[in-house]
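> Based on what follows, work out the 3D shape:
(2 chains)
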Amino acid sequence: MGPNLFVNYGEAVAAILFCIGFTNLLLQTNLIKKIIGLNIMDSAIYLFLAEKGYIAGRAAPIVTNGVTSAEAYINPIPSGLVLTGIVVSVSVSALMLSLTIRLYVRYHTLNLDEIAAQLKKEGK
Amino acid sequence: MDFICNFPFFSILLSLFSGTICSILPGKAAKIVNRVVIITVGILSGILLVYLLDSGESFVYWMGHFPAPWGNEIRAGVLEAGMALFFCIIMYLSMAGGAHKLFDEVEESKHNLYYILINLLLSSLLALVYTNDMFTAYVFVEINTISACGLIMIRQVGRTIEAAVRYMIMSLLGSGLLLFGLCIMYDLTGHLLMSNIKESVSLLIQNGEYQIPLIVSIALMCVGLCIKSALFPFHAWLPDAYGYSTVSSAAILSSLVSKGYIFLLIKIIYRVIGFDIFNSTRIIDVLFVFGLMGMIFGSLSAIKEGDIRRMIAFSSVAQIGYIYMGFGMGTQAGMVASVFHILSHAATKSLLFIAAIGLTEVSGGSRKFIDLTGAGYRNKWAGVAFTAGSLSMVGVPLFSGFISKLLFAQAAVQVEGKMLAALIVLGISTVLNAIYFMKTVIRIYTAAGDTPYPCITFKDMKVHAVVLILFVILNVLLGVSSQPIVNMIEQGLAMFA
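Numbers count the residues shown, from 1 in each chain, chains lettered A, B, ... in the order given. Take a look at the predicted model:
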């Protein structure tokens, strides 16, 4: 495992970033920080995919100078997955932000615990 | 290839596009479109089910006619078609049962938005059921999450927005884990189609390569889907989300949305990893333990609850625990019991939510137990239906809940080492179920003396009453004629392999 870790340092960094984002999304009480955590978590996965798709010394899979051999290009599927993933995470972030705005307008705080306390006081 | 093989694709596309169309229609027209779509998809799934039962084998449908490792695929077997049909029935009944409350709960200008969300939810559920591609599954998991979140927050009060935020946070954690697990799996096998991944996984196991990443990937996907379907320690978002949203949303969320994720997990177990390989990992023991804990702690929380809707929501936690306990047994019989419980719980929980709304209506809109005293006399149909649902949940013969408990017990007896734990917890959980459901039933049939609340007769609630009757019939049908359904489930699971 030891030597592999250094060869695949990009993946290791992605895994660590994923953990950082995950803990932030789970444990922060501030909603904006939670959303930042969400974005770190998603980006870490895209970094992981990009690392996996990249093959050293090869070019992006766009044919410009007539080279059609597959040997010349990197694996395009992870890039495609990253694009799809980005679309999903953008829409999810937008939804979370809009919910945050709704809550802020109503309760004048971004702290989820305080919002829960105020809701309890309302008693509905 | 027969024309019928297009039906899964048609149903997904139909519900997806009708969602878009609903955005430009007024509320009433959107409602009609929504109902027509659900019925059409139900009929298509029914025809497909008959066709598949007849032909006896599943089929794979190429999207865009690209062959296996490159193209995207849809796959349909008996279990998929049956699930789609069942989802449509439950969804239609839940929508019809909650329709009269929608005007109190949601502003009229937003009704068409509600139907967009329902249509999107249906299409994502269908895609989860039919897809043969892991990444497509992930994308539709997210669509499912977003539309479910919309269903929670469409009733704009502080509680529901907070519940929606909590739901989103937990769901996003779950889908993050699912995506990461999926990426590792892609990394290991080089494939995204379920059947191709399975071949590579069995090769990896044979050669003894990459064991740890493989287990990590399986574990990440399992935990992700467990969080999304509210298995015990991850259930904190559930009572608020089910308790305060509109009644149709609560019924659909509890009986369909979480089941969609569980069905995806079943597909992953059978079609991606392979049933035997999955069972040889320690993950099933973890699922088993958390399932058992969910069965007890969910029921304990439900007993403490003073609000009828939240009580029913907590009961869902216990029922999800049952399903995961079935996975944890690691046998075919346990799996069959789990799949049957998915059906049984979906039919019962939506019945309980729809009946509870009938009871709270005749108690001045209050959901506290003290105000519900005698509600069963004021709204006789809802009272009877709630009692039937409660009996089914407790596991009284004639109703579907009894059969699923029986199947779980039979499956438990065959598993050495897990039998005692499963049977004891099954017993305790049944007693706990009986405590809180019978407490409610006794409460609604206690004479209240003078109450300011009016009585409701059949004339005032025709649609609601008919829906309740249909739900009870569905429940009894699942309970009485369980054998053909169990056979169908077994056949469907055999087709998965």
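
> packing partners for the helix or strand where residue B:424 lies?
Per DSSP states H and E, residue B:424 falls inside helix B:419-444. Helices and strands in packing contact with helix B:419-444 are listed as helix B:283-304, helix B:308-329, helix B:375-378, helix B:380-394, helix B:400-414; criterion 3 or more CB pairs under 8 Å, 6 or more residues apart in numbering or on different chains; DSSP states H and E. Every residue, glycine included, has its C-beta placed from N, CA and C.

> starting at the chain centroid, how far to the shortest one?
On the basis of CA atoms, centre = their mean, to the nearest Å, helix B:375-378 is displaced by 29 Å from the centre of the chain it belongs to.

> what residues does it touch?
Residues from elsewhere that reach helix B:375-378, judged by CB atoms under 8 Å, 6 or more residues apart in numbering or on different chains: B:359-360, B:362-363, B:382-384, B:386-387, B:441, B:444-445, B:447-448, B:451, B:453-456.

> and the longest helix along chain A, does that touch chain B?
Ranked by number of residues, the top helix in chain A under DSSP state H is helix A:76-107. Yes: residues of helix A:76-107 contacting chain B under CB under 8 Å from any CB of the partner chain: A:77-78, A:81, A:84-85, A:88, A:91-92, A:95-96, A:99-100, A:102-103, A:106-107.

> quick one: residue A:13 from residue A:51, how far?
9 Å (CB to CB, to the nearest Å).

> Between these two, which has more neighbouring residues?
With neighbours defined as other CB atoms under 10 Å in any protein chain shown, residue A:13 and residue A:51 compare such that residue A:51 has more, 17 against 14.

> hmm, back to that, name the residues of the longest helix of chain A that come out as buried.
Buried residues in helix A:76-107, defined by neighbour count with 16 or more other CB atoms under 10 Å in any protein chain shown: A:77-79, A:81-82, A:85, A:88-89, A:92-93, A:95-96, A:99-100, A:102-103, A:106-107.

> Just confirm yes or no for the helix or strand following it near chain B.
Next helix or strand after helix A:76-107 toward the C-terminus (DSSP H and E): helix A:112-122. Yes: using CB under 8 Å from any CB, we find that helix A:112-122 touches chain B at A:112, A:115, A:116, A:118, A:119, A:122.

> list the contacts for the second one?
Spelled out, that is residue A:115. Contact partners of residue A:115, counting by CB under 8 Å, 6+ apart, are A:103, A:107, A:109, B:158, B:162.

> next one: phi and psi at the third one?
Spelled out, it's residue A:109. phi -150, psi 160 (degrees, to the nearest 10).

> neighbouring contacts of the host helix or strand of residue B:494?
Using DSSP H and E, the element containing residue B:494 is helix B:482-496. Contact with helix B:482-496 is made by B:53, B:56-58, B:77-80, B:82, B:266-267, B:270-271, B:332, B:335-336, B:339-340, B:343, B:400, B:403, B:407, B:478, as judged by CB under 8 Å, 6+ apart.

> which SS class is residue B:68?
coil (DSSP: H, G, I helix; E, B strand; the rest coil).

> Tell me how many other residues crowd it.
Neighbours of residue B:68 using other CB under 10 Å come to 13.

> what about chain A, any weak spots by pLDDT?
Along chain A, segments meeting pLDDT under 70 span A:1-2, A:123-124.

> residue closest to the middle of the chain?
You didn't pick a chain, so chain A it is. residue A:42 (1.3 Å; CA atoms, centre = their mean).

> okay, how far is it across stretch A:103-120, tip to tip?
Counting by CA to CA, to the nearest Å, you get 15 Å between the two ends of stretch A:103-120.

> roughly how far out does that stretch sit from the chain middle?
With CA atoms, centre = their mean, you get 26 Å for stretch A:103-120.

> Can you name the residues of chain B sitting close to chain A?
B:135, B:138-139, B:142, B:145-146, B:149, B:153, B:156-159, B:161-162, B:164-166, B:168-169, B:172-173, B:176-177, B:179-180, B:183, B:186-187, B:192.

> Which of those are buried? Put it as a ChimeraX command.
Restricted to buried positions by 16+ other CB under 10 Å, the ChimeraX selection for the residues of chain B next to chain A reads:
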select /B:135,138,139,142,145,146,149,153,157,158,159,161,162,164,165,166,168,169,172,173,176,177,179,180,183,186,187,192
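
> Can you point out the helix or strand that includes residue B:150?
helix B:134-153.

> Show the subsequent helix or strand relative to that helix.
With DSSP H and E, the next secondary element past helix B:134-153 is helix B:158-189.

> tell me how far that next one is from the chain's mean position?
In terms of CA atoms, centre = their mean, the centre of helix B:158-189 is set 17 Å apart from its chain centre.

> average pLDDT for it?
For helix B:158-189, mean pLDDT is 91.

> Got phi/psi on residue 69?
By default, I'm working from chain A. Torsion angles, degrees, to the nearest 10, at residue A:69: phi -70, psi 130.

> my question was about chain B
Per degrees, to the nearest 10, the backbone of residue B:69 is at phi -70, psi -10.

> Contacts only, for the closest residue in space to it that isn't next to it in sequence.
Ranked by CB to CB, 6 or more residues apart in numbering or on different chains and with sequence neighbours excluded, the top spatial neighbour of residue B:69 is residue B:196, at 5.9 Å. Neighbour list for residue B:196: B:68, B:69, B:189 [criterion: CB under 8 Å, 6+ apart].

> Report pLDDT for residue B:196.
Note for residue B:196: predicted pLDDT of 89.

> tell me which residues of the helix or strand hosting it are tucked away?
Following DSSP H and E, one finds residue B:196 within helix B:194-207. Across helix B:194-207, burial judged by 16+ other CB under 10 Å covers B:194, B:196, B:197, B:198, B:201, B:204, B:205.

> Look up how far residue B:68 lies from the second one.
Think residue B:196. Residue B:196 is 7 Å from residue B:68, by CB to CB.

> Please verify my assumption that residue B:479 contacts residue B:392.
Yes: under the criterion of CB atoms under 8 Å, residue B:479 makes contact with residue B:392 at 7.1 Å.

> More neighbours: which of those two?
More crowded of residue B:479 and residue B:392, by other CB under 10 Å: residue B:392, with 29 against 23.

> Quick check, the more buried one in contact with residue B:350.
No: between residue B:392 and residue B:350 there is no contact under CB under 8 Å: 11.7 Å.

> Ranking by neighbours, what's the top pick from the residues of helix A:112-122 next to chain B?
Top of the residues of helix A:112-122 next to chain B by neighbour count (other CB under 10 Å): residue A:115, with 22 neighbours.

> Need the three-state assignment for residue B:62.
Here residue B:62 is recorded as strand under three-state DSSP.

> The closest residue to it other than its chain neighbours: neighbour count?
Sequence neighbours aside, residue B:71 is the residue nearest to residue B:62 in space, at 5.2 Å (criterion: CB to CB, 6+ apart). Around residue B:71 there are 13 other residues, counting by other CB under 10 Å.

> got a list of what residue B:71 touches?
Residue B:71 is in contact with B:62, B:63, B:64, B:65, counting by CB under 8 Å, 6+ apart.

> per-residue pLDDT, residue B:306?
For residue B:306, the model assigns a pLDDT of 84.

> Give me the neighbour count for it.
For residue B:306, using other CB under 10 Å, the count is 10.

> Residue B:236 versus that one, what's the distance?
Distance from residue B:306 to residue B:236, counting by CB to CB: 18 Å.

> same deal with residue A:122?
20 Å.

> And residue B:330, by the same measure?
28 Å.

> likewise residue B:98?
Using CB to CB, which is the criterion applied here, residue B:98 is 25 Å from residue B:236.

> What is the helix holding residue B:150 packed up against?
helix A:76-107, helix B:111-130, helix B:158-189, helix B:247-252, helix B:258-267.

> Distance from the chain centre to that helix, please.
For helix B:134-153, the distance to the chain centre is 14 Å (CA atoms, centre = their mean).

> Equivalent analysis for stretch B:263-279, please.
18 Å.
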